[in-house]
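Trainee: sequence first, predicted coordinates after that:
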Amino acid sequence: MTRFFFHVHNGISVFDDVGLELPDIEAAEAAAIELFGEILNDGPDGPLWQKNTWRVEVSDGPGILARTFLKVQFSITRTAINPTAGAG
């Protein structure tokens, strides 16, 4: 088993200093996606909703010098809505 660390970045960085022991990188990827689900479930009032772009980096250590194995990114893009467009 390998210990993977899940660091969240969204304008601020929250570094995981505990990590999870998982069998492989596929399990770490699934755990990163699950973490995204938890962030999204917190809703717009959650502490990690300050920006519309988030990234989880999965690495082999707790600090910024750790080797990153994968990055999972999520972003929200808004476009202007013209309520009168198409009215006729």
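Mentor: Sure, I can see it.
Trainee: so where is the protein shaky, pLDDT-wise?
Mentor: Applying pLDDT under 70 to the chain flags residues 43-51, 83-88.
Trainee: quick one: His9 and Asp16, what's the gap?
Mentor: Distance, His9 to Asp16, using Cβ to Cβ, to the nearest Å: 12 Å. The C-beta positions use only the backbone N, C-alpha and C, and glycine is treated the same way.
Trainee: please disregard the earlier target; I meant Ile64.
Mentor: Ile64 is 12 Å from Asp16, by Cβ to Cβ.
Trainee: equivalent analysis for Ala28, please.
Mentor: Using Cβ to Cβ, Ala28 is found at 12 Å from Asp16.
Trainee: looking at Ile64 and Asp16, which is more packed in?
Mentor: Asp16 (19 against 11; other Cβ atoms under 10 Å).
Trainee: residues contacting the more buried one?
Mentor: Contacts for Asp16 were tallied using Cβ atoms under 8 Å, 6 or more residues apart in numbering; they are Phe5, Phe6, His7, Val8, Pro62.
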